[in-house]
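Peer 1: All I have is the shape, not the residue letters:
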């Protein structure tokens, strides 16, 4: 008689897992996930730190550009002030005829060295949420303070542009510029016009001339205010530049 054996009788008995086995499996899985999270966090932190440094380096370059522009503009403003003061002092003498020196100095009322703000990095920080990458609140405060100082200075500069156009409008009513233009076009030396006693004025009314002098004085004083503003911006740029280099150990 043939004997049949059950299959399960030939297999090794199963080892039943206890709570310790489940605990260690859970712990190993948890540690794997946690370590992965830490690695990802560290990587993200490193990337954000690198982006912060990139922003700061870019801002430092912007500040250097601003300083270069301001240095050049301040020199031009100082020269312009001397010329404007001379023109205002000479204004009464024009009643006796054209003055070549006045002609040279008056040009200072017809232009001003405008400041083009290098704010590309600050705009990026504002618009892309880049300020969140800067964890030092003192750095953020100083950057925002510099931006505010520049904006205030530019408001007065815009006022200077308006004053320049108003001075120009008044000038065409006071001086015989078309005749002067015609003589210069012919190649006549402006000094010769002074020698010939060319009457440069269209109006000899003392009240009108006094009002014109007041406009020139207002224009000149506003120009000096803008100059002072730009000096303060330059000082602020120097301070911020040195602060950022020190905080981030950048040369």
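Peer 2: Okay, I see it. The shown structure was predicted, so the numbers you read here are calculated from the model rather than taken from an experiment.
Peer 1: right, and residue 51 touches residue 132 too?
Peer 2: No - using C-beta atoms under 8 Å as the test, residue 51 is too far from residue 132 to be in contact (10.4 Å). In this view, the C-beta of every residue, glycine as well, is placed from N, C-alpha and C.
Peer 1: In terms of neighbours, single out the busier of those two.
Peer 2: The neighbour comparison of residue 51 against residue 132 (other C-beta atoms under 10 Å) goes to residue 51, with 14 against 11.
Peer 1: for the more buried one, phi and psi?
Peer 2: Phi and psi for residue 51, reported as degrees, to the nearest 10, are phi -70, psi -40.
Peer 1: what's the answer for residue 242, then?
Peer 2: Backbone torsions for residue 242, taken as degrees, to the nearest 10, come to phi -70, psi -40.
Peer 1: pull the helix or strand with minimum mean pLDDT from this protein.
Peer 2: When the helices and strands of the chain are scored by mean pLDDT, DSSP states H and E, helix 7-10 comes last with a mean of 50.
Peer 1: Contacts only, for the residue with the shortest distance to the centre of the chain.
Peer 2: Most central in the chain under C-alpha atoms, centre = their mean is residue 117, positioned 2.8 Å from the mean C-alpha point. For residue 117, the contacting residues are 66, 150, 154, by C-beta atoms under 8 Å, 6 or more residues apart in numbering.
Peer 1: mind redoing it with 7 Å?
Peer 2: 150, 154 (C-beta atoms under 7 Å, 6 or more residues apart in numbering).
Peer 1: Could you do residue 101 as well?
Peer 2: Contacts of residue 101 (C-beta under 7 Å, 6+ apart): residue 90.
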